[in-house]
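Q: Okay, structure incoming, though there's no sequence with it:
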């Protein structure tokens with residue numbers, strides 16, 4: 001019966017055009033260009049990221065999101081470019097959303113090696129499609145005792161797929177603060193990242209019924225800090241990283257607050273997600289994160305893997321078994337588009353540097 005219930009829910013979604021909000025990744029640092037296009041090429045070199053999220057693993061049907069992207073930062077192009085593919089599946093009827101985007105980010109060096117500002121734009125092809133109409137079960141098909149035995153009066157739409165262009169924009173600042181106003185470049189500097197992004201800024205029409213149903217704008221703001229708790233001369237310092245992220249789309253506002261502890265090559269983190277009202281009965285989940293960073297023996301590239309689990313605390317607790325997420329990052333730090341000009345070499349030397357060990361997991 002629970003399987004039929006969720007099929008009914010998804011069927012109603014498909015007919016009414018009341019599509020859900022964008023998917024949210026717990027390991028947002030491992031899918032940075034998804035939350036803000038200004039992250040494209042924010043670090044010099046070539047970077048690949050792969051992400052898989054399984055939402056509500058105990059609920060029948062497929063509620064999963066796949067994401068894969070690549071971005072490269074190079075002073076020859078004054079910033080970075082990137083590509084990101086995201087595919088999301090929802091429910092028994094396999095309502096699928098696809099988005100393939102290309103992005104560019106411009107880097108403005110404010111203070112050499114200590115303060116950069118990035119401006120990003122994302123242009124994408126997007127589609128929504130009902131993969132299997134016959135899998136839907138509607139309320140008029142259900143008998144109170146015998147279940148799904150009646151024919152339905154629901155009419156299949158003329159088209160099961162809608163395509164649209166889509167655009168995101170964002171800005172990002174990364175800067176160091178040294179306590180006491182001492183040297184700008186210091187291992188005791190506090191690294192800061194603050195950004196803002198607007199998704200679906202043109203609000204494309206996503207209706208499958210030939211009506212006007214605009215995709216709601218998603219607003220997102222994020223801030224992270226990285227503080228060393230070890231002595232300046234420590235070869236493997238311990239860091240704490242408090243984070244906050246605010247999201248708003250349609251009528252839903254969500255505040256995420258978290259803390260990471262990092263010591264190369266490991267990282268652990270705990271997050272709390274709640275509606276912006278921050279009332280106890282609006283608690284959504286507590287998220288746990290574990291990750292590690294390493295380098296191949298040949299030292300040709302670095303990799304970072306992570307796992308997170310969302311413990312549901314809302315009214316759905318006990319029915320969903322939470323959510324699981326896996327992330328993989330691969331970085332080639334020396335990859336460029338070719339020989340740098342004298343000006344490009346100068347820009348490369350002056351790009352933001354947080355002055356910490358390269359083996360420390362990146363969550364900022």
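A: Arrived safely, thanks for sending. Just so it is clear, the structure is predicted and the values come from calculations on it, not from any experiment.
Q: would you list every one of the helices in the stretch 251-364 of the chain?
A: Per DSSP state H, counting those that start in this stretch, the stretch 251-364 of the chain carries helices over the ranges 342-350.
Q: Look at residue 245 and report its pLDDT.
A: According to the prediction, residue 245 has pLDDT 95.
Q: Does it touch residue 197 like I think?
A: No. In this structure residue 245 lies outside contact range of residue 197 using C-beta atoms under 8 Å: 10.6 Å. C-beta here means a position set from N, CA and C on the backbone, and glycine is covered the same way.
Q: I'd like the next helix or strand past the helix-or-strand element of the chain with minimal mean pLDDT.
A: In the chain, no helix or strand scores lower on mean pLDDT, DSSP states H and E than helix 2-16, which sits at a mean of 41. The first helix or strand that comes after helix 2-16 along the chain, using DSSP states H and E, is helix 32-35.
Q: Helix or strand for the residue sitting furthest away from the middle of the chain, just tell me which one.
A: Distance to the chain centre peaks in the chain at residue 145, reaching 43.4 Å (criterion: C-alpha atoms, centre = their mean). Element membership of residue 145, judged by DSSP H and E, is empty: it is in no helix or strand.
Q: Next, find the distance separating the closest residue to residue 48 other than its chain neighbours from residue 35.
A: In space, and not counting its chain neighbours, residue 48 is closest to residue 330: 4.5 Å by C-beta to C-beta, 6 or more residues apart in numbering. Going from residue 330 to residue 35 by C-beta to C-beta, to the nearest Å gives 19 Å.
Q: what's the answer for residue 197, then?
A: For residue 197, the distance to residue 35 (C-beta to C-beta) stands at 6 Å.
Q: now swap in residue 349 and tell me
A: Counting by C-beta to C-beta, the gap from residue 349 to residue 35 is 29 Å.
Q: These two: which is more packed in?
A: residue 35 (24 against 11; other C-beta atoms under 10 Å).
Q: What count of nearby residues applies to residue 135?
A: By other C-beta under 10 Å, 16 other residues sit near residue 135.
Q: for residue 62, what are its contacts?
A: 89, 90, 91, 94 (C-beta atoms under 8 Å, 6 or more residues apart in numbering).
Q: Could you dump those residues into a markdown table with distance to residue 265, secondary structure and neighbour count added?
A: Output for the contacts of residue 62, formatted as a markdown table (distance: C-beta to C-beta, whole Å; DSSP: H, G, I helix; E, B strand; the rest coil; neighbours: other C-beta atoms under 10 Å):
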| residue | distance to residue 265 | secondary structure | neighbour count |
| --- | --- | --- | --- |
| 89 | 33 | strand | 17 |
| 90 | 36 | strand | 24 |
| 91 | 39 | strand | 22 |
| 94 | 39 | coil | 17 |
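Q: which residues touch the nearest residue to residue 55 once chain neighbours are set aside?
A: Once flanking residues are discounted, residue 55 sits nearest to residue 63: 4.2 Å by C-beta to C-beta, 6+ apart. Residue 63 is in contact with 54, 55, 56, 89, 90, 91, counting by C-beta under 8 Å, 6+ apart.
Q: that's a helix at residue 226, yeah?
A: No. Applying DSSP: H, G, I helix; E, B strand; the rest coil, one finds residue 226 to be strand, outside a helix.
Q: What's opposite it in the beta bridge?
A: residue 191 (DSSP bridges).
Q: re earlier: among residue 245 and residue 197, which residue is more densely surrounded?
A: Neighbour tally, residue 245 and residue 197, criterion other C-beta under 10 Å: the higher count belongs to residue 197, 24 against 20.
Q: how about the strand or helix carrying the more buried one: buried residues?
A: In the assignment (DSSP H and E), residue 197 maps to strand 190-199. Neighbour counts over strand 190-199 (16 or more other C-beta atoms under 10 Å) mark 191, 192, 193, 195, 196, 197, 199 as buried.
Q: between the contacts of residue 62, which is nearest residue 216?
A: Lowest distance from residue 216 to the contacts of residue 62 (C-beta to C-beta) belongs to residue 90, with 16.6 Å.
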